[in-house]
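Asks: Structure for this input, please:
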Amino acid sequence: MNWMEERLSRLQRWEGYQHSVESREGVQSKLDANENWHLPRAEIREALSTSAEHLDPRSYPDLADTNLAKEVSAQIGVPSDSVIPCAGADQAIDLICQAFLGPGDNAVIVSPTFSMYRLRAIIAGAECACVQMLPDLGLPVAEILRRGGPGGVAFICSPNNPTGNQFNRADVEQVLDSFQGLVVLDEAYVEFASYSLSRRVRQRRNLAVLRTFSKAYGMAGLRLGYIVANEEWAPEFLAKVQYPFPVSGVAAAMAIAMLKDRSRIEQWVGKVRNERVWLTRRLRAIPGIVVVDSEANFLMASLPVDSGEAHKRLLAAGVSTRKLGDVLDFPNCLRITVGTRRMNKQLLEGLRGIVAK
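Replies: All right, here's what the predicted structure looks like:
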């Protein structure tokens, strides 16, 4: 086998990210991708229009990353040099794998979780160790440290996708104390949760926190996020690993405008949290359904019927969910975005009919 054939064979062996593949035709309640439907569409469109109004698309967005880093810095309390803007947290994962992983390195991944950590670590040539979280959904600290060896990258998603739980802060700190490599803490859903460790990068050289504008800020279609890391190495990463013009000028301008209007974001996040409580109670009222306590903008529900069939019937009724199957000790699981009240009522009506039969 020559070089090109070997590389093509390797490309064929790699896995890709699995999107929901079902047709969206006829879907009135899209609850499969953890998007934030609680932000008024008219306000979001107005903010997008205003942000684009003064930009010239012929010009490279050479100050977009700098301006965004300054505003994020003011909001979360870290130096601006600690903020690395990215085209979504997905790109952040890829760049970290490129910079810190290679053949012979370990990637320790707390699972079940977001598949991108493993997929990008494999492409970087690393050996992946998927460490299952504890039966009570706790962080398996001892096993993470055992599998980490002399270095590598540990990926911890907290709140975790797809279970929705946020790991105990002391357990995460214990991993930071003892892990010999880099700890990547994915906080994509942290605005809906109890705590954030973003500020800990000032004391922790081995911590990189991932944040996104796709969830709480309702900007999933604009692909914008950032890494928060120690100011000793974050500027080097931005200058040498990240692309020359890493983020869209429109996306950055819109994010800055939304960050400045913090009270509105807090209001929208509060709506999601309140609706999460409402939906959790009503799902649990359906006989046989078990719902994991969530600190995200979605719920993981274990059904007393086949989740594949339930998923298909909900889709036929106009409700799309994420089909998970068995997750840890929870059989027949669906991941369900916390939608608007109308969306959630449509979901509940569909599930009641499915479970009753």
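
Asks: can you give me the strands for the chain?
Replies: If you assign secondary structure with DSSP state E, the strands in the chain sit at 29-30, 83-86, 106-111, 127-132, 153-157, 182-186, 207-212, 225-229, 290-291, 298-302, 319-320, 322-327, 330-337.

Asks: need those in a markdown table with distance to residue 271 and mean neighbour count, can you?
Replies: Yep, even glycine has a C-beta here, placed from its N, CA and C like the rest. Below are those laid out as a markdown table (distance: least, CB to CB, whole Å; neighbours: other CB atoms under 10 Å):
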| stretch | distance to residue 271 | mean neighbour count |
| --- | --- | --- |
| strand 29-30 | 16 | 20 |
| strand 83-86 | 27 | 26 |
| strand 106-111 | 30 | 24 |
| strand 127-132 | 34 | 17 |
| strand 153-157 | 24 | 27 |
| strand 182-186 | 24 | 23 |
| strand 207-212 | 19 | 25 |
| strand 225-229 | 22 | 27 |
| strand 290-291 | 19 | 18 |
| strand 298-302 | 15 | 25 |
| strand 319-320 | 20 | 24 |
| strand 322-327 | 21 | 17 |
| strand 330-337 | 13 | 23 |
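
Asks: okay if I get those strands as CSV plus distance to residue 59 and mean pLDDT?
Replies: Putting those into CSV (distance: least, CB to CB, whole Å; pLDDT from 0 to 100) gives the following:
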stretch, distance to residue 59, mean pLDDT
strand 29-30, 35, 96
strand 83-86, 17, 98
strand 106-111, 38, 97
strand 127-132, 41, 96
strand 153-157, 36, 98
strand 182-186, 33, 98
strand 207-212, 26, 98
strand 225-229, 22, 98
strand 290-291, 49, 98
strand 298-302, 38, 98
strand 319-320, 39, 96
strand 322-327, 39, 96
strand 330-337, 37, 98
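
Asks: what's the closest of those strands to residue 274?
Replies: strand 298-302 (13.8 Å; CB to CB).

Asks: hmm, who's touching that closest one?
Replies: With contacts defined as CB atoms under 8 Å, 6 or more residues apart in numbering, strand 298-302 is touched by 34, 161-164, 189, 276, 279-280, 283, 289-292, 294, 324, 327, 330-338.

Asks: May I have that strand exported as CSV, CA atoms only?
Replies: Extracted in CSV, the C-alpha atoms of strand 298-302 (Å, rounded to 0.1, in the frame of the first residue of the first chain):
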residue,chain,number,x,y,z
PHE,A,298,-32.0,19.8,28.4
LEU,A,299,-33.2,16.7,30.2
MET,A,300,-32.3,13.0,29.9
ALA,A,301,-35.4,10.9,30.3
SER,A,302,-35.4,7.1,30.7
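
Asks: Residue 148 contacts residue 181, doesn't it?
Replies: Yes: using CB atoms under 8 Å, residue 148 is in contact with residue 181, at 6.2 Å.

Asks: Pull out the buried positions in stretch 50-61.
Replies: 51, 61 (16 or more other CB atoms under 10 Å).

Asks: on that earlier part again, want to try TSV for the strands of the chain, with distance to residue 272 as columns?
Replies: Formatted as TSV, the strands of the chain follow (distance: least, CB to CB, whole Å):
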stretch	distance to residue 272
strand 29-30	15
strand 83-86	24
strand 106-111	24
strand 127-132	29
strand 153-157	18
strand 182-186	19
strand 207-212	15
strand 225-229	19
strand 290-291	16
strand 298-302	10
strand 319-320	18
strand 322-327	17
strand 330-337	10
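
Asks: What count of nearby residues applies to the closest residue to residue 252 other than its chain neighbours?
Replies: Once flanking residues are discounted, residue 252 sits nearest to residue 64: 3.8 Å by CB to CB, 6 or more residues apart in numbering. Residue 64: 23 surrounding residues under other CB atoms under 10 Å.

Asks: Go ahead and flag the most central residue of this protein.
Replies: By CA atoms, centre = their mean, the chain has its centre lying nearest to residue 188, at 4.0 Å.

Asks: Return the residues in contact with that one.
Replies: By CB under 8 Å, 6+ apart, the neighbours of residue 188 are 89, 157, 161, 210, 211, 212, 214, 215, 225.

Asks: I'd like a version of those in CSV, one that adds distance to residue 170 as further columns.
Replies: Shown next, in CSV, are the contacts of residue 188 (distance: CB to CB, whole Å):
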residue, distance to residue 170
89, 25
157, 18
161, 22
210, 21
211, 22
212, 25
214, 29
215, 25
225, 27
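
Asks: Cheers, nothing more for now.
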